[in-house]
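Chemist: Have a look; sequence and predicted model below, questions after that.
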Amino acid sequence: RPSIHSFTSPICPSIHSPVQSVHPSIHQSNLSIHSFTNPICPSIHSPIQSVHPFIHQSNLSIHPFTNPICPSIHPSIYQSNLSIHPLTNPILSFIHQSCLDASRPWLCFWILHSLELLEESIPSAITSEVCQFLDLCQSPTGGFAGGPGQHAHLAPTYAAVNALCIIGTEEAYNVINREKLLDFLWSLKQPNGSFVMHIGGEVDVRSAYCAASVASLTNIMTPALFEDTTNWILSCQNWEGGLSGVPGLEAHGGYTFCGTAALVILGKEHMLDLKALLRWVISRQMRFEGGFQGRCNKLVDGCYSFWQAGLLPLLHRALFNDGESELSRQRWMFDQLALQEYILLCCQNPTGGLLDKPGKSRDFYHTCYCLSGLSIAQHFGNVEHYHEVILGTEENRLAPTHPVYNICPDKVAKAVQHFRQLSVPDASRQAGPPADAEPSEPASAAAGPQS
C-alpha cells in the first residue's frame, strides 16, 4: 500500500440565499436557477462568466490586483500597513485574552495553517512564544487542553499537535510529551473501539480521527490502541453514503471527512462503501454557488470547501488502490474551478479574512478551511502525478495541503521523519480512564465541523 504520508444534486437554495447578492443578474431574469439551459448560468463548468456575464461583456481581466470583480486571496489578506497584520497579530494577542478561551490551540492552528498556505514566513520569536504557550496548555496527565489549567480534550490536542508540526522546530517537537499523550489516548478509548473527546465526554467520529491523527504523526500508534476502531467507524456510514457522528444519524460533511481520514490512517478505507460515499459527497457541491453544503438540504458554507472537497483526494486514492482504471490523472472528481470561484468571489472579506457565505462575518475558522479547500481545488495528485488548476493568475496560487492531516505535506513528512527516530512508548494499558481520573467539565474545547 502507498504511504499516506507521501501522498447530481438537484438541491439549490432559494433565490433568497445571500449568495444571490453576489450574482445580481439573477434578479433581472425570470429564468429558474435550477435550469441547465439558463443563459445567465448555463453550466457550473463556466466558473466566472456563467455567474458574472458582465465580465465577458466588458472583457475585464480577472487579474487579482486590478479587477475588483475577482480579487486575489493575497491582497485581501495582506494589503495592510502592518504587513501580515490580520493573521499574525492575533497569534500573541489571543494568548492574553479570554475570547474563545477553550479554543486557544485551535486559534494557533487556524492562523498558522492559513499563513503556511499563503507561504508567509513567521518570525522565530513568534513561533517560540506559540510553543511556550501550547506547552502551558499541555495537561500533566497527557494531551492538550483548550487553554492553560483546563481539562485535556482531543480536539485541542489535535490542533496543538498540528500547530507544533507546522512550526516544525526541535523546540516545537519537544513540547509534545509522547508517553503522556499515549496514556491520554488510552484513557479515552472505549471497549467498542470508539473514543470519547475527553474523560466523561461524548463519543463521536471526530475523536477517532483526532486520536489517529496525533498518534500517527507522533509515532505512538499501537495495534491495541485502535483495536475495533475500524469497525466502529464503518458502522457510522449510513444509507446516504456519508458518515454520521455516531451510528444511526444523518450523514454530515465534517464527520464524513473525520471518519474517512481516520480509516486512511489506519489503512482500512477500502472497507467503506466507496461508490456510495463518492455519490454522496459529489452531490454536496452546489450547482449554482459552486461551494459545498455540509448535509442534504443545507445551504452552502465556505468551511465545507475543505471538509467535503478534502474527501475527494482520499476517495481518489482509495478507488485507485481498489482497481478503478477510469480515474483522471489530472483532476479530482468535483468541479475544482467552481469551488475556487465560490471561495474567491463569495467568501472574502474586503478587509481581510474569509467567511461562510456573503453576509456572514469573517473568522479564523472559516479563513483556515476556505483556504484549505482552495488549496485542495488547486492541486491534484502527488509527486508522480501532479497537476495544477488555478483560477485567475498565479497570485491566487496557494501551497498544497495534505488531505489527511490538513497541514502542508512537507511539514507532515518532516514531523513523521523526526518522530520515527523515537521508539513507541510502552503502554500496556486497557481502554478507559485510570481509576483516579476525574470527569472533565461539560464545557467543550471542541472546534470542528459546523452545521
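Modeler: Sure, I can see it.
Chemist: contacts and neighbour counts: CA atoms only from here.
Modeler: Noted.
Chemist: which stretches of the stretch 201-350 of the chain have low pLDDT?
Modeler: Residues of the stretch 201-350 of the chain that meet the criterion pLDDT under 70 are absent altogether.
Chemist: Got phi/psi on the closest residue to Tyr158 other than its chain neighbours?
Modeler: Of all residues not flanking Tyr158 in the chain, Cys210 sits nearest, at 5.4 Å (Cα to Cα, 6 or more residues apart in numbering). Main-chain dihedrals, Cys210, degrees, to the nearest 10: phi -60, psi -40.
Chemist: Tell me who's in contact with Cys210.
Modeler: Neighbouring residues of Cys210 by Cα atoms under 8 Å, 6 or more residues apart in numbering: Leu154, Ala155, Thr157, Tyr158, Cys258, Ala262.
Chemist: Tell me how far the residue sitting nearest the centre point of the chain lies from Gln330.
Modeler: Compute the mean C-alpha point of the chain, and by Cα atoms, centre = their mean the closest residue is Phe306, 4.7 Å away. According to Cα to Cα, to the nearest Å, Phe306 stands 19 Å off from Gln330.
Chemist: Kindly report the same for Met197.
Modeler: In terms of Cα to Cα, Met197 sits 38 Å off from Gln330.
Chemist: Look at these two and report which has more neighbours.
Modeler: Each of Met197 and Gln330 has its neighbours counted (other Cα atoms under 10 Å); Met197 has more, 29 against 14.
Chemist: How about the contacts made by the more buried one?
Modeler: When contacts are counted by Cα under 8 Å, 6+ apart, Met197 is found next to His153, Leu154, Ala155, Leu188, Val203, Asp204, Arg206, Ser207.
Chemist: So which of these is the closest to Leu117?
Modeler: For those, the closest approach to Leu117 (Cα to Cα) belongs to Ala155, at 21.5 Å.
Chemist: For Met197, see how far away that closest one is.
Modeler: 7 Å.
Chemist: And Gly290, by the same measure?
Modeler: From Gly290 to Met197 the distance is 33 Å (Cα to Cα).
Chemist: which ones are touching His387?
Modeler: Gln330, Arg331, His379, Phe380, Gly381.
Chemist: can you put those in CSV and add secondary structure and distance to Gly248?
Modeler: Shown next, in CSV, are these (DSSP: H, G, I helix; E, B strand; the rest coil; distance: Cα to Cα, whole Å):
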residue, secondary structure, distance to Gly248
Gln330, coil, 36
Arg331, coil, 33
His379, strand, 35
Phe380, strand, 34
Gly381, strand, 34
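Chemist: Now which of those would you call buried?
Modeler: Neighbour-count burial (16 or more other Cα atoms under 10 Å) applied to those gives Arg331, His379, Phe380, Gly381.
Chemist: Out of those residues, which one has the weakest pLDDT?
Modeler: When the buried ones among the contacts of His387 are sorted by pLDDT, the bottom entry is Gly381 at 80.
Chemist: tell me the contacts of that residue?
Modeler: Gly381 neighbours (Cα under 8 Å, 6+ apart): Phe7, Pro313, Arg329, Gln330, His387.
Chemist: Let me have these in JSON lines, extended by distance to Cys370 and secondary structure.
Modeler: Listed next are the contacts of Gly381 as JSON lines, based on distance: Cα to Cα, whole Å; DSSP: H, G, I helix; E, B strand; the rest coil:
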{"residue": "Phe7", "distance to Cys370": "21", "secondary structure": "coil"}
{"residue": "Pro313", "distance to Cys370": "17", "secondary structure": "helix"}
{"residue": "Arg329", "distance to Cys370": "25", "secondary structure": "coil"}
{"residue": "Gln330", "distance to Cys370": "22", "secondary structure": "coil"}
{"residue": "His387", "distance to Cys370": "20", "secondary structure": "strand"}
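Chemist: What is the nearest of the residues you listed to Phe419?
Modeler: Using Cα to Cα, Phe7 is the member of the contacts of Gly381 that lies nearest Phe419, at 18.4 Å.
Chemist: Mind pulling the model confidence for that closest one?
Modeler: pLDDT for Phe7: 45.
Chemist: Over to Asn382?
Modeler: Asn382 carries a pLDDT value of 70.
Chemist: Now do it: how many residues are near it, please.
Modeler: Neighbours of Asn382 (other Cα under 10 Å): 13.
Chemist: how much space between it and Pro313?
Modeler: If you go by Cα to Cα, the gap between Asn382 and Pro313 works out to 10 Å.
Chemist: Over to Gly147?
Modeler: Counting by Cα to Cα, the gap from Gly147 to Pro313 is 33 Å.
Chemist: more neighbours, those two?
Modeler: Applying other Cα under 10 Å to Gly147 and Pro313 shows that Gly147 carries more neighbours, namely 26 against 22.
Chemist: What are the neighbouring residues in contact with the more buried one?
Modeler: Gly147 sits in contact with Asp101, Ala102, Ser103, Arg104, Pro105, Leu136, Cys137, where contact means Cα under 8 Å, 6+ apart.
Chemist: residues in contact with the last one?
Modeler: Looking back up the chat, that one is Cys137. Pro105, Phe144, Ala145, Gly146, Gly147, Pro148, Gly149, Gln150.
Chemist: at 7 Å instead, please
Modeler: Residues near Cys137 by Cα atoms under 7 Å, 6 or more residues apart in numbering: Phe144, Ala145, Gly146, Gly147, Pro148, Gly149.
Chemist: Skipping its backbone neighbours, what lies nearest the fourth one in space?
Modeler: The shortest distance from Gly147 to any residue other than its chain neighbours is 5.1 Å, reached at Cys137 (Cα to Cα, 6+ apart).
Chemist: CA atoms only for stretch 239-247 - export them in PDB, please.
Modeler: Output of stretch 239-247 as PDB, limited to C-alpha atoms (Å, rounded to 0.1, in the frame of the first residue of the first chain):
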ATOM      1  CA  TRP A 239     -27.800   4.600   3.800                       C
ATOM      2  CA  GLU A 240     -27.000   8.000   2.300                       C
ATOM      3  CA  GLY A 241     -23.400   7.000   1.700                       C
ATOM      4  CA  GLY A 242     -21.800   9.500   4.000                       C
ATOM      5  CA  LEU A 243     -20.800   9.100   7.700                       C
ATOM      6  CA  SER A 244     -22.600  10.400  10.800                       C
ATOM      7  CA  GLY A 245     -21.100  11.400  14.100                       C
ATOM      8  CA  VAL A 246     -22.300   8.200  15.700                       C
ATOM      9  CA  PRO A 247     -24.100   5.200  14.200                       C
END
